[in-house]
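Undergrad: fold the following for me, if possible:
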Amino acid sequence: MADTNLSTLDKPLNTRTNSNTLVFVDSRAAAARLATAGSGKTRMVSDNPLLANAPVCRESVEDISRFVTQDEATRLGEAAVDILLALDRRLLETGMAERYGAVSRLLNVTMAMKTTVATFLLRGLAMARACREARADAVILGVTDEPRWADVIPFQLSFFGSPHRSLALHGFFGKAGVETVLVPTELPENFNDTAVDSLALRLAVATAPHVMFHLASRLGLNALPRGKTLIYGKRCELLDETLPWLMARGFRLRQSPPPGYAVREVADYSAGPVSAPELEKAVLDWMIGKISDLEAFSAHQTRALARTIFDHLAAGLSILPETRRSVAGWAGELESRGAAAFLTSGIYGPLGVIVHDVLDGHDIPLIDFEHGVTTGIAKTSGRRLGVCEATTSHILLACSDRSKGRFSKSPQRTAKRIEVVGNADQARHLNWRMFQRRLARGRLRLVPGERTVMHVSTLLYGGTARAADDAPWEHEVYAVDRTLIEKVYGEVSSTVLFKAYPVQRYPDEASYEALFSLPSNVRMIGFEDFRYIRAAADVIVTQANSSTIGWCIAGDTPLVHLHSRRMNSLADEELEEEFAAAFFSIDTDRAGWPERLVEILNRDRAAFAEEWAAKGPARRALLESALAGPAGTSGRRAAGIVAEEVRGL
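TA: This is a model prediction of the structure:
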């Protein structure tokens with residue numbers, strides 16, 4: 001495969017005059033540059049709907065994400081996790097987990113590589129079908145010059161990297177000639193920037209103890225020599241709300257997160273396969289067999305997929321010995337400081353296993369704080385219990401009874417104690433509600449008194465960071481969002497704010513304003529943090545089966561839940577019934593769901609409010625069991641459990 005830098009490309013690419021050429025592009029710049037590339041019959045394609053449907057591309061670039069259905073995406077997404085769970089067991093059985101991670105248990109490459117494997121399988125399938133349909137005997141990849149994998153975690157692709165470029169290294173395109181053209185593209189410096197500049201909003205959302213703790217931290221009061229020392233690392237809202245109550249109990253608090261994966265030089269594409277003979281003998285042929293069993297790819301495509309995934313595995317495992325040495329040094333420093341415990345939100349993958357294992361050797365308990373309510377309500381979480389936080393902690397503080405019930409079923413559980421403390425108070429409550437509402441509506445320039453429906457989307461494009469399992473596929477996200485914006489919300493007799501998920505996953509994404517015909521009553525919200533604007537809504541619509549819904553339920557704002565068993569599914573039928581009893585619930589797998597959503601949102605307001613009130617008892621039961629947790633102050637309850645454990649050591 002030839003790599004061609006744009007600056008040296010002054011003549012047509014080397015394709016035969018009678019060839020069928022498939023030109024893949026990942027940016028508008030690449031589409032413009034390669035508009036006349038190739039010869040013979042040429043088709044220009046992209047698997048990014050936000051590029052293929054951009055105004056300057058929609059006549060020339062074909063969206064190949066349409067070649068994969070959501071049902072196929074779910075099947076392959078679940079297969080990606082199944083393969084990795086089996087790979088974790090194989091690494092243990094063949095001694096590779098001991099060799100690389102120095103652990104005699106599951107190394108948990110599953111959580112480190114699920115996005116990688118799902119990305120290669122899904123985007124590889126779309127490309128394979130595009131090549132077959134085009135009968136391509138020449139392929140041109142017009143892509144951004146991004147690293148082969150993430151520099152801080154080689155298990156994963158770089159965020160804006162090209163999976164097709166990696167696959168081409170190992171013969172994915174068979175006998176077709178492949179040429180890569182590197183086209184400069186302006187990439188965002190921060191692809192998930194939800195920072196809010198309003199101090200008043202930030203103070204209104206935060207709990208009072210949290211604000212006081214930040215002030216005390218600025219003054220250095222949290223680390224004054226008093227009681228036992230607690231070290232905290234990766235933060236989440238629940239942990240943040242626990243720290244002030246621990247300070248009030250007399251603990252000395254210091255932040256010292258563990259070192260990440262040992263940084264290594266990023267291999268470029270010319271480096272070829274990663275060499276690891278013993279690991280290759282243990283897993284490569286096995287991996288080929290697993291992918292072959294999917295019956296989705298040809299023999300040469302299967303080998304290329306297996307070898308590409310193996311490269312990420314080998315590169316990631318190769319840094320674990322140095323990573324363990326770094327973590328051991330950090331743990332030694334914690335011990336020298338007299339650390340009584342280490343508090344953190346979830347640390348996943350082999351790093352989490354190593355941190356837990358090393359701290360265990362220093363007799364420093366790891367107390368994990370669940371981040372949000374996802375484990376208790378998402379189907380996907382139930383499939384990963386063998387590699388969840390319960391397997392890398394000594395004590396686990398859960399947000400709900402449902403979460404605790406699932407964590408307790410983990411077959412590799414190391415947590416000796418799992419307690420329910422509740423979701424973060426700032427998530428489940430609207431502090432100073434009218435003040436927040438006034439600030440949020442002013443920020444969004446809403447007319448006083450107008451009824452506002454806020455759509456909070458949790459359907460996001462995967463890019464190189466697919467969530468695996470039943471995560472929505474690109475074409476499905478595009479189709480659902482287009483239906484909502486162009487066909488549903490224009491029929492609603494209220495102002496509708498559509499809040500897309502605030503992240504960019506592809507090098508070049510056209511905005512929905514440029515792609516869709518927005519009705520006069522519909523407005524798009526940019527990269528806003530939902531927590532700071534949710535008070536503006538009179539009604540919330542969401543597909544969430546994740547921590548996002550924990551923020552939606554605050555203040556008892558009426559909520560319409562869109563659910564599906566094809567993607568982002570709820571844990572089980574019992575939970576589906578509980579959601580239907582607690583909220584306005586719409587099954588988007590059934591015909592006519594757009595019309596039903598319009599009907600609900602346009603109901604007489606008195607009748608709407610009456611039905612919402614009637615759902616109150618079922619809603620309160622669901623919030624306590626799954627979405628909010630027990631009444632009281634979550635941080636205070638968590639601090640009591642931490643203090644009890646630490647003082648009992």
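
Undergrad: just for this structure, where's the confidence low?
TA: 1-18, 39, 190-195, 221-225, 264-268, 270-273, 649 (pLDDT under 70).

Undergrad: need the longest helix for it.
TA: Ranked by residue count and defined by DSSP state H, the top helix of the chain is helix 109-134.

Undergrad: list the helices and strands that helix packs on?
TA: On a contact count with 3 or more C-beta pairs under 8 Å, 6 or more residues apart in numbering; DSSP states H and E, helix 109-134 meets strand 20-25, strand 41-46, helix 70-93, helix 163-169, helix 299-318, helix 349-361. In short, each C-beta sits where N, CA and C put it, glycine included.

Undergrad: helices along the stretch 151-300 of the chain, start to end?
TA: Taking DSSP state H, counting those that start in this stretch as the criterion, the stretch 151-300 of the chain carries its helices at 163-169, 199-205, 208-218, 237-248, 277-292, 299-318.

Undergrad: out of the ones you listed, flag the one nearest Tyr461.
TA: helix 163-169 (14.0 Å; C-beta to C-beta).

Undergrad: elements contacting the closest one?
TA: For helix 163-169, the packing partners by 3+ C-beta pairs under 8 Å, 6+ apart come out as helix 109-134, strand 138-143, strand 177-182, helix 299-318.

Undergrad: ok, the residue most central in space within the chain - contacts?
TA: Central residue of the chain (C-alpha atoms, centre = their mean): Ala467, 5.6 Å from the mean position. Ala467 makes contacts with 77, 114-115, 118, 380, as judged by C-beta atoms under 8 Å, 6 or more residues apart in numbering.

Undergrad: and it, that's in a helix?
TA: No - counting by DSSP: H, G, I helix; E, B strand; the rest coil, Ala467 is located in no helix; its state is coil.

Undergrad: how much space between the residue lying closest to Gly361 once chain neighbours are set aside and Tyr348?
TA: In this structure, Gly361 finds its nearest non-sequential neighbour in Ala331, 7.6 Å apart by C-beta to C-beta, 6 or more residues apart in numbering. To Tyr348, Ala331 is 18 Å away according to C-beta to C-beta, to the nearest Å.

Undergrad: re earlier: filter the contacts of Ala467 down to the buried ones.
TA: If you count burial by 16 or more other C-beta atoms under 10 Å, the buried members of the contacts of Ala467 come out as 77, 114-115, 118, 380.

Undergrad: and the two most separated of those?
TA: Thr115 and Thr380 (12.6 Å).

Undergrad: hey, what's in contact with both of those two?
TA: With C-beta under 8 Å, 6+ apart, Thr115 and Thr380 have common neighbours 467-468.

Undergrad: could you report the neighbour count for Glu624?
TA: By other C-beta atoms under 10 Å, 16 other residues sit near Glu624.

Undergrad: residue contacts, it?
TA: Counting by C-beta under 8 Å, 6+ apart, Glu624 makes contact with 400-401, 630-631.

Undergrad: in three-state terms, label it for me.
TA: At Glu624 the chain is in helix, as set by three-state DSSP.

Undergrad: so which of the helices of the stretch 151-300 of the chain is the most surrounded?
TA: For these, average neighbour numbers computed from mean count of other C-beta atoms under 10 Å are highest in helix 237-248, which has a mean of 25.

Undergrad: so how far is that helix from its chain's centroid?
TA: Helix 237-248 sits 26 Å away from the centroid of its parent chain (C-alpha atoms, centre = their mean, to the nearest Å).

Undergrad: rewinding a little: distance to Ala52 added to the buried ones among the contacts of Ala467, as TSV?
TA: Conversion of the buried ones among the contacts of Ala467 to TSV gives the following (distance: C-beta to C-beta, whole Å):
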residue	distance to Ala52
Gly77	22
Lys114	26
Thr115	22
Ala118	21
Thr380	28
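
Undergrad: which one of the residues you listed is nearest Gln156?
TA: Using C-beta to C-beta, the buried ones among the contacts of Ala467 come closest to Gln156 at Thr115, 6.0 Å.

Undergrad: wait, doesn't the closest one sit right on Phe159?
TA: No - counting by C-beta atoms under 8 Å, Thr115 stays clear of Phe159, with 10.4 Å between them.

Undergrad: which neighbours do these two share?
TA: Residues touching both Thr115 and Phe159 by C-beta under 8 Å, 6+ apart: 464-465.

Undergrad: how about the closest residue to Asp63 other than its chain neighbours, phi and psi?
TA: Excluding its sequence neighbours, the residue lying closest to Asp63 (C-beta to C-beta, 6+ apart) is Ala52, at 3.7 Å. Taking degrees, to the nearest 10, you get phi -60, psi -30 for the backbone angles of Ala52.

Undergrad: correct me if wrong: Ala52 contacts Val61.
TA: Yes - between Ala52 and Val61 there is a contact under C-beta under 8 Å: 4.6 Å.

Undergrad: what do those two both touch?
TA: Joint contacts of Ala52 and Val61 (C-beta under 8 Å, 6+ apart) are 45-46.

Undergrad: what segments of the stretch 501-649 of the chain are helices?
TA: For the stretch 501-649 of the chain, helices defined by DSSP H, counting those that start in this stretch occupy the ranges 512-515, 548-552, 573-582, 593-601, 605-614, 616-622, 634-647.

Undergrad: which one of those is the most hemmed in?
TA: helix 548-552 (a mean of 24).

Undergrad: list the contacts of it.
TA: Helix 548-552 is contacted by residues 372-373, 377, 399, 423-424, 427-428, 456, 458, 530-531, 534, 540, 542, 544, 559, 561, 627-628 when judged by C-beta under 8 Å, 6+ apart.

Undergrad: ok, the closest residue to Leu385 other than its chain neighbours to Val387 distance?
TA: Closest residue in space to Leu385, ignoring its immediate chain neighbours: Ser410 at 4.4 Å, by C-beta to C-beta, 6+ apart. Separation of Ser410 from Val387 (C-beta to C-beta) stands at 9 Å.

Undergrad: of those two, who's got more company?
TA: More crowded of Ser410 and Val387, by other C-beta under 10 Å: Val387, with 27 against 19.

Undergrad: what sits against that one?
TA: Shown in contact with Val387 (C-beta under 8 Å, 6+ apart): 85, 88, 106, 108, 110-111, 348, 412.
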